[in-house]
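this one's sequence-less:
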């Protein structure tokens, strides 16, 4: 295993995939952000397989550290963006880490023919240990929508949530980050492959084609100011 940190390698991958851009971007919230992450950039087999491998590496690390159980039954990716994340993560956990693990995702509408039901993939049963995966978390809305769906299917145990990036920003109506709010509300841990501070630090040491760092002094100053204002 390489000695280069997971967050640094992940930042390189985000930049290579053009999923991460530095500059000035106006978010849906109205905040002007010095960075933008576009999950739609993971649009081919190589990129989504690599992304799944990063999720699997993070999950394996947290199992080794004792923060996640080793006997997870299925990886759940909320429709729609979470579907390729759940599938690619389950494949990587099996192929690279020797774990026998399922994948599950939800339908937006219940199917009343064929196999029916709300879930696709590994069907949920009482006592199952379910690990959620998602891309980024802004307010935690997707988690709050999916937990009741899971509990309606079976009495499962949600053992954690793994994100690609932790924005480390407070929500609009509190000084708490969405990650901390979800952990407090649901009682399971939330992990991220990298947080935004790690990404900006890595970007200082990764060069563009012209040899300049992706994160210049100007962008770093804007990032520090942004996190001073909005960071949790």
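Perfect, I can see it now. Because the structure is predicted, anything quoted here is derived from the model rather than measured.

check the gap between the residue minimising distance to the centre of the chain and residue 132 for me.
Nearest residue to the geometric centre of the chain (C-alpha atoms, centre = their mean): residue 163, 1.9 Å. Residue 163 sits 9 Å away from residue 132, going by C-beta to C-beta, to the nearest Å. Using the backbone N, CA and C atoms, a C-beta is placed for each residue, glycine as well.

likewise residue 209?
37 Å.

neighbour count for the two, which is higher?
residue 132 (26 against 5; other C-beta atoms under 10 Å).

got the phi and psi for that one?
Dihedral pair for residue 132: phi -90, psi 150, per degrees, to the nearest 10.

quick one: buried residues of stretch 71-83?
Within stretch 71-83, the residues scored as buried using 16 or more other C-beta atoms under 10 Å are 72-79, 82-83.

so which of the residues you listed are in helices?
82-83 (DSSP state H).

by pLDDT, rank the buried residues of stretch 71-83 and give me the bottom one.
In terms of pLDDT, residue 79 ranks lowest among the buried residues of stretch 71-83, with 89.

show me the contacts for that residue.
Residues near residue 79 by C-beta atoms under 8 Å, 6 or more residues apart in numbering: 105-108.

swap in 10 Å and give it another go.
86, 105-108, 118, 120, 142, 146, 149 (C-beta atoms under 10 Å, 6 or more residues apart in numbering).

ok, then the element right after the helix or strand of the chain with the lowest mean pLDDT?
Lowest mean confidence among the helices and strands of the chain (mean pLDDT, DSSP states H and E): strand 102-111, at a mean of 84. As assigned by DSSP states H and E, the chain's next helix or strand after strand 102-111 is strand 117-121.

give me the contact list for that next one.
74-77, 79, 83, 86-87, 90, 102-111, 123-124, 149-150, 152-154.

apply 8 Å and report the result again.
Taking contacts as C-beta under 8 Å, 6+ apart, the residues outside strand 117-121 that touch it are 74, 86-87, 102-107, 110-111, 123, 149, 152-153.

for it, buried residues please.
Neighbour-count burial for strand 117-121, counted by 16+ other C-beta under 10 Å, picks out 118-121.

wait, is residue 48 part of a strand?
No - Residue 48 is assigned helix when assessed by DSSP: H, G, I helix; E, B strand; the rest coil, not a strand.

enumerate every residue touching it.
Contacts of residue 48 (C-beta under 8 Å, 6+ apart): 42, 84, 88.

by neighbours, which of these wins?
With neighbours defined as other C-beta under 10 Å, the most crowded of the contacts of residue 48 is residue 88; it has 26 neighbours.

name the SS class of residue 99, please.
Applying three-state DSSP: residue 99 is coil.

residues contacting the closest residue in space to it that isn't next to it in sequence?
Spatial nearest neighbour of residue 99, chain neighbours left out: residue 93 (4.3 Å); criterion: C-beta to C-beta, 6 or more residues apart in numbering. By C-beta under 8 Å, 6+ apart, the contact list for residue 93 reads 56, 59-60, 75, 99, 101.

model confidence score at residue 93, please.
pLDDT recorded at residue 93 is 98.

for residue 114, same thing?
For residue 114, the model assigns a pLDDT of 52.

just residue 175 next, same as before
pLDDT for residue 175: 84.

quick check: it touching residue 231?
No - counting by C-beta atoms under 8 Å, residue 175 sits too far from residue 231 to count as a contact (9.8 Å).

mind checking which of the two has more residues around it?
Neighbours were counted for residue 175 and for residue 231 using other C-beta under 10 Å; residue 231 has more, 16 against 9.

leaving out sequence neighbours, find the closest residue to that one.
residue 168 (5.6 Å).
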